[in-house]
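[1] Below are the sequence and a predicted model for it; my questions follow.
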Amino acid sequence: MPSFAIEMRNVTKDFKIYHEKNTTLKERVVYRGRERFTRFRAVDGVSLEVAHGAVVGLIGRNGSGKSTLLKLATRILYPDTGVVRVQGKVSSLLELGAGFHPDFTGRENIYMNASIMGFTRREITRRIDDIVAFSELGSFIDNPVRGYSSGMYTRLAFSIAINVEPDILLLDEVLAVGDFNFQQKCLNRIREFKEQGKTIMIVSHDLSAIERLCDTVVWMDSGKIRMVGNPVETVRSYLEFAETHTSLRDIDDSAVSGNGQVSAAIDHTEVGNDQPQSSDHAHDRSPTHASAADALEKEADAQQVRWGNKSVEISDTWLEVSSQRATLIHSGDPVHVFMSYRRWADVTDSVFGIGIFALDGTQIYGTNTFIDRAQLGELGESGMIRCMIDAMNLVEGRYWVDVAVHHIDGQPYDYQRKALYFDVRSPIKDVGFARLPHSWRHESG
Amino acid sequence: MSRLFEVYTYRQMLLSMIRTDLRTRYKGSFLGFLWTFVNPLLQLLVYTLIFTQILKTQIPKYPVYLFVGLLSWTLFQTAVQTGTGIVNRQANLVKKIYFPREILPLAIVGGAAVNYILSLLVLVPFILLEHVPLSWPLVYLPVILLAQVFVSLGFAFVFSALNVFFRDLEHIIGIFMMLWFYCTPIVYKLSAIPPKDQIWLEWNPMTPITVAYQRIFYQSASPSVTNLLLVLLEGVLMTVVGWAVYYRLSRRFAEEI
């Protein structure tokens, strides 16, 4: 018996990208031989062995073939060349709630959904209490799912996939489910899985979660495996590569879940309709759910990224660590946040501000020159403002920065949400957001 | 054989899908599952009027003769016609979850068969009301039904797989089924066709099946055992070939729909 849970040998998968797909018979006959498509090699000669009990993370840019690889492992797709072997019962979660029937109750959908994964009624009945308890749906479980919020929907779907006790669990970008507590619960469950010696393969852009959960990380690039190795090193190489090739935000904006709340500290005005939704609702609007809605949300997000009358414009924002530009920061580094500005109109009493956010939209910190009573003097035609942070005491993870300049009465000149992203690495695996300066002592007696 | 085993491990899914199909069809409607009979009953009424009042058919107790054929045709038509589009309709599932793809046409044909069995609840009283005796040849019913299920499965497998690649098939099948209906002795008797032309109808696997149903329900006589076994064998062969075609093509479903 082969000792691998998942084994891939020289696997290649092409997709046809149709410019105009002729699916009807008339089109097939009339345009025979003229079907125009380009071949796109999504997975290119990949060989991979995943041992029983391994937890493997797949990282890489969008379109690098991670999800295709996962679909090959589940047998949703079949390779054009090469061999894929999978040993054991697979539960995959590529999209939450695929196969839910809106008219059926949560409980009925549990039976339906688990049966699609190949479980018998008896096996499901044995676990249904665990599933219901895990989903935290309470009495809603006997209501039709059409009335569920998308948060409830995703919690139910995740609870099913994670509680049916498969031998192999495949997860595609579904770690960001629900609120903070639920996420922790899911991560704990995944850790339990790991202790039970089950095989897990995760595709995620949440690099810090990948680093914490996985034994091995596979970095995919243009359909090929670029690196396989221990999580810390692989993630670091990936980040360094990403940094030198494009700015981080082009690589995966999809990592950003939820909409951040506009910093009250750096923005006194109500932005009216543009006000992004408050992060309190973030758990009910999980971005992993419907792709169409997701795209819309992203679009709306993009439109709200910048506003203001541009009397003063922030033309560039960057971070420096010891006079070097950086997006990868080690926890505790002194960091300077730079904003270069141009002034286009006669303005006085300008206030500059920054806000630092975690990926789920929680604001870690926000301040501005008014709050800090910083004396900047009047602005010239152009110049640079820098906020000097003595020690960036954030825990490991990815963060974004909002920057803004506005008039002292609150009128915004230039407000840029997510002006830049940065990653914090730390050898110390503490949790939360910021490391409070501290030490320990024991006094006996 | 390994395919059979895998489908067996997913039997719960098959049952759930059949149940879902039946439940969603009738949930929230006042008449419930009686709606399945509205269509054949209406057909029954129209054809009875035409053939007894206008065309003066010589077939005695014509409504019984007709109803027996119509119900079995409904099973076949539902299985083939809704079966053809099933993979496309379940695109979301096919693209996101692995399961043996054979479940989809199996569920459609299974659902149609269950529906047929339920429809006997209407057919049997109807037959008794018309004073047609029901007797022992009814023991052939399971065999006839089985043969029909196999024949329907063969078509459902092939058509549903091809429909992923040629979407027109669904519409073509719709027209085709209408022609097929008249090529099957449902509204008329096979004996009404000149013997030298009957050979054309015998290519149609639905002919021996329909005739067999009519024998046991309408004539209270046993069907031709040879014909029955032949069509059963034919059905099994069609299912095996259809299954193989379907399985081959199913590997590309997720990327084509």
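    Good, I have the coordinates.
[2] Just confirm residue A:12 is within a strand.
    Yes: checked against DSSP: H, G, I helix; E, B strand; the rest coil, residue A:12 lies within a strand.
[3] Up against chain A, what does chain B have?
    B:9-13, B:15-16, B:20, B:24, B:27-28, B:92-99, B:165-169, B:172, B:251-252, B:254-255 (CB under 8 Å from any CB of the partner chain). For glycine as for every other residue, the C-beta is placed from the backbone atoms N, C-alpha and C.
[4] and these, which are buried?
    B:10, B:12-13, B:15-16, B:20, B:93-99, B:167, B:169, B:254-255 (16 or more other CB atoms under 10 Å in any protein chain shown).
[5] On the three-state scheme, the spatially most central residue of chain B is what?
    Closest to where the C-alpha atoms of chain B average out (CA atoms, centre = their mean) is residue B:76, at 1.7 Å. Three-state assignment for residue B:76 (three-state DSSP): helix.
[6] you'd agree it is up against residue B:153?
    No: counting by CB atoms under 8 Å, residue B:153 is not a contact partner of residue B:76; they are 10.9 Å apart.
[7] State the phi and psi torsions of whichever residue of the stretch 101-250 of chain B sits closest to chain A.
    Closest to chain A within the stretch 101-250 of chain B is residue B:168: 3.9 Å, counting by CB to the nearest CB. Dihedral pair for residue B:168: phi -60, psi -20, per degrees, to the nearest 10.
[8] How about the residue nearest to the centre of chain B, nearest residue that isn't a chain neighbour?
    Distances taken as CB to CB, 6 or more residues apart in numbering or on different chains place residue B:152 nearest to residue B:76, at 5.5 Å, with adjacent residues excluded.
[9] Sticking with the one you found, tell me its helix or strand.
    Secondary structure from DSSP states H and E places residue B:152 in helix B:141-165.
[10] From the contact counts, what lies against that helix?
    Secondary-structure packing of helix B:141-165 (3 or more CB pairs under 8 Å, 6 or more residues apart in numbering or on different chains; DSSP states H and E): helix B:62-84, helix B:86-89, helix B:103-129, helix B:169-182, helix B:206-217, helix B:225-250, helix B:253-256.
[11] chain center to the last one, what's the gap?
    Averaging C-alpha positions (CA atoms, centre = their mean, to the nearest Å) puts helix B:253-256 28 Å from its chain's average.
[12] hang on, the earlier thing: let's test this: mean pLDDT of the helix holding residue B:152, rounded?
    For helix B:141-165, mean pLDDT rounds to 96.
[13] How about stretch A:77-84?
    92.
[14] How far off centre is it?
    The chain centroid and the centroid of stretch A:77-84 are separated by 28 Å, computed with CA atoms, centre = their mean.
[15] what residues does that stretch touch?
    A:6-14, A:43, A:45-47, A:68, A:71-73, A:75, B:251-252, B:254-255 (CB atoms under 8 Å, 6 or more residues apart in numbering or on different chains).
[16] How about the contacts made by residue A:356?
    With CB under 8 Å, 6+ apart, residue A:356 has these contacts: A:363, A:364, A:365, A:366, A:394, A:399, A:400, A:401.
[17] Identify the bridge partners of the last one.
    If I follow you right, that is residue A:401. Beta-bridge pairing for residue A:401 (DSSP bridges): residue A:356, residue A:420.
[18] Surely it is in contact with residue A:420?
    Yes: Residue A:401 lies in contact with residue A:420 (CB under 8 Å); the separation is 5.2 Å.
[19] number of nearby residues for residue 141?
    I went with chain A, as the question did not name one. 21 (other CB atoms under 10 Å in any protein chain shown).
[20] Not quite, go with chain B.
    Neighbour tally, residue B:141, other CB under 10 Å: 16.
[21] Could you find the closest non-adjacent residue to it?
    Here the residue nearest residue B:141, using CB to CB, 6+ apart, is residue B:216, at 6.2 Å.
[22] Who are the contact partners of the closest residue to residue A:207 other than its chain neighbours?
    Excluding the flanking residues, the one nearest residue A:207 by CB to CB, 6+ apart is residue A:235, at 5.1 Å. Taking CB under 8 Å, 6+ apart, we find residue A:235 in contact with A:59, A:207, A:210, A:211, A:217.
[23] Count the residues that sit near residue 84.
    Went with chain A since none was named. 20.
[24] Actually, chain B is the one I wanted.
    Count around residue B:84 with other CB under 10 Å applied: 27.
[25] quick one: residue A:157 and residue A:94 touch, right?
    No: look at residue A:157 against residue A:94 with CB under 8 Å: they stay out of range, at 10.9 Å.
[26] the more surrounded of those two?
    Relative neighbour count places residue A:157 above the other of residue A:157 and residue A:94, with 26 against 21, counting by other CB under 10 Å.
[27] Please work out the average pLDDT along the one helix or strand that one maps to.
    Under the criterion of DSSP H and E, residue A:157 resides in helix A:150-163. On average, the pLDDT along helix A:150-163 is 83.
[28] touching chain B at all, it?
    No: contact of helix A:150-163 with chain B is not found when judged by CB under 8 Å from any CB; the minimum separation is 10.0 Å.
[29] Just checking the distance from that helix to the centre of its chain.
    For helix A:150-163, the distance to the chain centre is 18 Å (CA atoms, centre = their mean).
[30] Could you do stretch A:312-320 as well?
    A distance of 25 Å separates the centroid of the chain from that of stretch A:312-320, by CA atoms, centre = their mean.
[31] can you pull the buried residues of the helix or strand hosting the residue nearest to residue A:207?
    Using DSSP H and E, the element containing residue A:235 is helix A:231-245. Buried residues in helix A:231-245, defined by neighbour count with 16+ other CB under 10 Å: A:231, A:234, A:235, A:238, A:239, A:241, A:242, A:243.
[32] Whichever helix or strand comes after the helix holding residue A:157 - contacts with which helices or strands?
    Once the chain leaves helix A:150-163, the next helix or strand it forms, by DSSP H and E, is strand A:168-172. Secondary-structure packing of strand A:168-172 (3+ CB pairs under 8 Å, 6+ apart): helix A:66-74, strand A:90-93, helix A:150-163, strand A:199-203.
[33] Run the chain-centre distance for strand A:168-172.
    That offset, for strand A:168-172, works out to 16 Å (CA atoms, centre = their mean).
[34] Run the angle between the next helix or strand after it and helix A:150-163 for me.
    Using DSSP H and E, the helix or strand that follows strand A:168-172 in sequence is helix A:180-195. Interaxial angle, helix A:180-195 versus helix A:150-163 (axes from the mean of the first three to the mean of the last three CA atoms, to 10 degrees): 10 degrees.
[35] Which positions in the stretch 101-250 of chain A make contact with chain B?
    Counting by CB under 8 Å from any CB, the stretch 101-250 of chain A sits next to chain B at A:101, A:103-104, A:111-112, A:115-121, A:124.
[36] Return the distance of the closest residue to residue A:152 other than its chain neighbours relative to chain B.
    Among residues not flanking residue A:152 along the chain, residue A:137 sits closest, at 6.0 Å (CB to CB, 6+ apart). Distance from residue A:137 to chain B, counting by CB to the nearest CB, to the nearest Å: 20 Å.
[37] Residue A:137: how many residues sit nearby?
    Neighbours around residue A:137, by other CB under 10 Å: 21.
[38] OK, contacts around it?
    Counted by CB under 8 Å, 6+ apart, residue A:137 has contacts A:106, A:152, A:155, A:156.
[39] Now do the contacts for the first one.
    Contact criterion CB under 8 Å, 6+ apart gives A:132, A:135, A:137, A:140, A:141, A:142, A:143, A:145, A:148, A:156 as the residues in contact with residue A:106.
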